[in-house]
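Chemist: this one's structure only:
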C-alpha cells in the first residue's frame with residue numbers, strides 16, 4: 001500500500017494549503033449564489049412564455065454527434081431532447097443540479113474537487129450560451145474564466161491514494177493571481193483610454209453613486225460627500241487599479257499584502273454603495289491568491305534573516321515612496337486650509353502622455369508576468385526534487401511539468417485580451433495566439449475586461465417607467481419593479497449578491513432606445529398579455545385582474561434628493577426627485593399590426609406554442625420542484641439557500 005508523501009515542515013516554507021482550500025470554498029459559495037439567483041428568474045426570462053425564450057436561441061435541430069454539440073456555442077441544452085426535456089425544463093435541470101453540487105461543495109470539504117468544479121463550469125457555460133442579453137455581463141464571463149481556473153486549482157480527489165495538496169498548487173493559484181491582475185489593471189486603464197470627461201476631470205464619483213444601476217441607501221450619503229473628497233477618491237481608485245496591481249508579483253510578502261488589503265478596501269466600498277451581485281465577492285475570492293497560510297494565523301513560519309528583513313523594509317520604503325511621489329505629482333495634489341480644509345486634485349498629464357506611458361508599461365507587465373510565472377514553475381520543480389523521495393519525486397515532477405505547460409499556455413493566450421488595452425502591443429502578439437484564442441473564444445477561457453469604462457447619468461440618471469391604462473387619454477398607472485428606482489419615496493434596496501437581471505437591463509435600456517433592445521418590446525408584449533411568469537419578475541402589477549388595453553413607457557431623469565434645505569432637491573421623505581424627459585415607447589395595444597409584425601420577425605409570436613415533449617420521470621421531477629418553489633423574490637431565496645449552506649458548513653466544522 002502506498003504511503004502519502006512526506007509533508008514539509010511548516011518552518012521551511014510558507015504553505016498554501018489552507019489558502020487553496022479557502023479559495024475553493026469561496027468559489028463554491030459564488031457558484032451557489034449564481035445558480036440560485038438565476039433559477040428564480042428562468043421562467044420569466046427564458047421560459048416558453050418568457051421575455052427571451054431560450055428555444056429561440058438554441059434552435060430546434062437535435063444533435064446527432066459530439067461534434068455538433070461542440071459546434072458554435074457549446075451547451076448541454078442541446079442534449080435535452082434526448083432526455084425528453086424541453087429547453088425550459090433543461091435550464092431548470094441545469095440550475096437545480098448547479099445548486100445541489102455547489103451546495104455540497106460549500107458544506108463538504110471532500111466535494112470540492114476537479115469533477116465538481118468541471119460540472120459547475122460546464123453547466124454555467126451552457127446556461128450562458130443561451131442567456132442572450134440577460135447573461136452577457138462581465139461578471140458572468142469572469143465567473144466562467146475563474147471557474148475554468150478553479151478546475152486546475154481543485155484536487156482530483158483521489159485522496160485514498162494521493163495527497164490532496166501538491167507542489168503545483170502554487171502554479172495554478174498563480175493563474176488566479178494573473179487573472180486578478182488583468183481584471184484590475186484593465187479596469188483602471190480603460191477609464192482613461194475611453195476619454196470619458198468625468199474620469200479625466202476626476203468628477204466621476206460625483207455622479208456614480210446616483211447613476212449606477214441599483215444604488216444602496218448608503219450611496220445617497222456617499223453622493224453628498226464633499227466634492228474634493230470624491231475627486232480624491234477618483235485618484236485613489238486609479239492608484240488601486242493601475243500601479244498597485246503590479247505589486248501582486250512582488251517578491252516581498254508585505255507588499256503583496258498591501259496590495260491585497262487595497263483591493264479588499266475597494267471591493268468593500270463598492271459592496272456597501274452598489275448592488276453588483278456576486279461580482280465583488282468573486283473579485284475578493286481572486287484576491288485570496290495573494291495570501292498564504294500564515295494569513296489565517298494557524299501556522300508559524302520561520303522569520304527571515306536580519307539582512308533579508310532590512311532589504312524588504314528598504315525596498316518597500318522605496319516603492320511606497322515612489323508611489324506616493326508620483327501620485328502627488330501626476331494628480332497635482334495640494335492641501336488647502338482656506339477658506340476650509342480640502343485636498344485639491346487635478347490630472348497633470350495629457351492623453352498623449354498617458355498613451356506613451358501605456359505603450360511602455362503594457363509590454364513590461366507581460367515581461368513581469370512571464371518572469372513571475374517562470375520563477376513559480378522553477379521553484380515548484382525544485383521543491384519536488386528537494387522535498388520528495390522515491391516514486392513521489394517522479395510523480396510530483398510530472399504533475400508540475402504538466403501544470404507548468406498548461407499555465408504557460410493559459411498565460412500566452414491571455415495576452416490577446418490583455419493587449420486590447422494598448423494597440424501597439426496588440427500588434428506584437430503572435431498571430432498564432434490570436435488564432436488559438438479564436439478557437440476557444442466560445443468557452444471564455446480568457447477574456448478582456450474593463451469595468452466602469454465611461455460614466456453614465458451625467459445630468460441625471462435616465463430611468464424608463466412603464467405604464468398601463470385602459471384608455472389612451474387617462475388612467476395611466478405605473479408598473480413597479482422590485483429593485484430599480486421607480487417610487488421616489490422608496491428606500492434604495494440591498495439586493496446583492498442576487499442579480500435581478502430584468503432590473504439591470506432596464507437600466508441599460510434607459511441609456512439607449514427600445515429600437516435597439518428587442519427584449520424590451522418582448523417585455524411590453526408579455527405585459528399586454530398578462531403573462532404570469534413575466535409578471536412574477538415585477539413587484540407591483542397595477543392591473544392584477546386583467547391586463548391593460550394600452551401600455552407605454554416614459555423616460556425620466558432621476559436625482560438623489562438634497563441633504564440640506566439649501567439644496568435644490570431637498571426632501572424630508574423622498575430619496576429621489578425625477579423629471580419627465582420624453583416618450584420612450586409609444587402607447588400601443590397588443591393587437592397593433594406593427595407590433596405583431598415585429599414580434600413575428602423576432603420569432604416571439606411564432607413561439608407562442610410550447611415545445612411538445614413526452615413527459616419523462618426526470619421532466620416530472622424537475623417540473624414538480626418548480627411548482628414547489630415557484631418564482632419567489634430573488635434576494636430572499638438566494639440568501640436562504642446560501643445562508644443554509646454556510647451555516648451547515650460551520651456546524652460541520654464545529655462537530656468535527
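Modeler: Noted; the coordinates are in hand. All of these numbers come straight from a predicted model, not from anything done at the bench.

Chemist: Let's check: the centremost residue of the chain is which one?
Modeler: The residue lying closest to the centre of the chain (C-alpha atoms, centre = their mean) is residue 139, at 2.1 Å.

Chemist: from memory it sits against residue 286, does it?
Modeler: No: counting by C-beta atoms under 8 Å, residue 139 does not reach residue 286; the two are 11.7 Å apart. Any C-beta I mention is one placed from the backbone N, CA and C, and that applies to glycine too.

Chemist: Need the residues that contact stretch 362-374.
Modeler: The contact list for stretch 362-374, computed with C-beta atoms under 8 Å, 6 or more residues apart in numbering, reads 171, 174, 178, 181, 185, 246, 249, 407-408, 411, 415, 418-419, 421-422, 425, 428.

Chemist: What of stretch 19-32?
Modeler: Under C-beta under 8 Å, 6+ apart, the answer for stretch 19-32 is 98-99, 101-103, 105-106, 109, 112, 117, 120, 124, 143, 146-147, 150, 153-154, 165, 169, 173, 176, 278, 281-282, 284-285, 288-289, 291-293, 295-296, 641-642, 645-646, 649.

Chemist: give me that answer again for 6 Å
Modeler: If you take C-beta atoms under 6 Å, 6 or more residues apart in numbering as the criterion, stretch 19-32 is touched by 102-103, 105-106, 112, 120, 150, 154, 169, 278, 281-282, 285, 288, 291-293, 642, 645.

Chemist: hmm, back to that, and the gap between the residue nearest to the centre of the chain and residue 132?
Modeler: 16 Å (C-beta to C-beta, to the nearest Å).

Chemist: where are the low-confidence patches of the stretch 251-400 of the chain?
Modeler: Residue ranges of the stretch 251-400 of the chain with pLDDT under 70: 298-302.

Chemist: Helices along that one, start to end?
Modeler: Using DSSP state H, counting those that start in this stretch, the helices of the stretch 251-400 of the chain run over 253-273, 279-287, 306-330, 351-387, 391-418.

Chemist: can you give me the angle the longest one makes with helix 306-330?
Modeler: Computed with axes from the mean of the first three to the mean of the last three C-alpha atoms, to 10 degrees, the direction of helix 351-387 lies at 160 degrees from that of helix 306-330.

Chemist: angle of helix 351-387 against helix 391-418?
Modeler: Counting by the same axes, to 10 degrees, helix 351-387 lies at 170 degrees to helix 391-418.

Chemist: list the buried ones in helix 351-387?
Modeler: 354, 358, 361-362, 365-366, 368-369, 372-373, 376-377, 380-381, 383-384, 387 (16 or more other C-beta atoms under 10 Å).

Chemist: contacting residues for residue 536?
Modeler: By C-beta under 6 Å, 6+ apart, residue 536 lies in contact with 44, 631.

Chemist: residue contacts, residue 272?
Modeler: Contacts of residue 272 (C-beta under 6 Å, 6+ apart): residue 218.

Chemist: and it, how far is that from residue 624?
Modeler: On the measure of C-beta to C-beta, residue 272 and residue 624 end up 40 Å apart.

Chemist: what's the answer for residue 373, then?
Modeler: Noted for residue 373: a distance of 50 Å to residue 624, by C-beta to C-beta.

Chemist: how about the helices in the stretch 451-600 of the chain?
Modeler: Using DSSP H, counting those that start in this stretch, helices in the stretch 451-600 of the chain cover 501-510, 518-528, 532-535, 593-602.

Chemist: Ok, which of those comes nearest residue 549?
Modeler: helix 518-528 (8.5 Å; C-beta to C-beta).

Chemist: From the contact counts, what lies against that closest one?
Modeler: Secondary-structure packing of helix 518-528 (3 or more C-beta pairs under 6 Å, 6 or more residues apart in numbering; DSSP states H and E): strand 550-560.

Chemist: Quick check: mean pLDDT of the strand it packs on?
Modeler: Averaging pLDDT along strand 550-560 yields 97.

Chemist: can you check stretch 188-202 too?
Modeler: Stretch 188-202 carries an average pLDDT of 96.

Chemist: can you check stretch 475-495 too?
Modeler: For stretch 475-495, mean pLDDT is 96.

Chemist: Need the contact partners of it.
Modeler: 214-217, 275, 463, 465-469, 500, 503, 506, 538-540, 542, 558, 573-574, 576, 578, 635.

Chemist: buried stuff in that stretch?
Modeler: Counting neighbours by 16+ other C-beta under 10 Å, one finds that the buried residues in stretch 475-495 are 476, 479-486, 488, 492-495.

Chemist: May I see the ChimeraX selection of the buried members of the contacts of stretch 19-32?
Modeler: Applying 16+ other C-beta under 10 Å to those leaves a buried subset, and the ChimeraX line that selects it is:
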select :102,103,105,106,112,120,150,154,169,278,281,282,285,288,291,292,293,642,645
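
Chemist: strands paired with the lengthiest strand in the chain, and their directions?
Modeler: If you go by DSSP state E, the chain has its longest strand at strand 576-588. If you go by DSSP bridges, strand 576-588 pairs up with strand 550-560 (antiparallel).

Chemist: can you list contacts of the longest strand of the chain?
Modeler: With C-beta under 6 Å, 6+ apart as the contact definition, strand 576-588 has outside contacts at 464, 472, 485, 488, 514, 550, 552-559, 561, 569, 595.

Chemist: Tell me which residues of it come out buried.
Modeler: In strand 576-588, counting by 16+ other C-beta under 10 Å, buried: 576, 577, 578, 584, 585, 587, 588.

Chemist: Go through these and name the one nearest residue 259.
Modeler: For these, the nearest to residue 259 is residue 576 (37.6 Å; C-beta to C-beta).

Chemist: mind checking how far the nearest residue to the closest one once chain neighbours are set aside is from residue 537?
Modeler: Once flanking residues are discounted, residue 576 sits nearest to residue 488: 4.1 Å by C-beta to C-beta, 6 or more residues apart in numbering. Using C-beta to C-beta, one obtains 22 Å as the distance from residue 488 to residue 537.

Chemist: wait, what's in contact with residue 471?
Modeler: Applying C-beta under 6 Å, 6+ apart, no residues qualify as near residue 471.

Chemist: go with 8 Å
Modeler: Residue 471 neighbours (C-beta under 8 Å, 6+ apart): 549, 550.

Chemist: Look up how far residue 46 lies from it.
Modeler: Residue 471 is 34 Å from residue 46, by C-beta to C-beta.

Chemist: Residue 73 too?
Modeler: Taking C-beta to C-beta, one finds residue 73 at 15 Å from residue 46.

Chemist: what does residue 485 give?
Modeler: Taken as C-beta to C-beta, the span from residue 485 to residue 46 is 25 Å.

Chemist: which SS class is residue 157?
Modeler: coil (DSSP: H, G, I helix; E, B strand; the rest coil).
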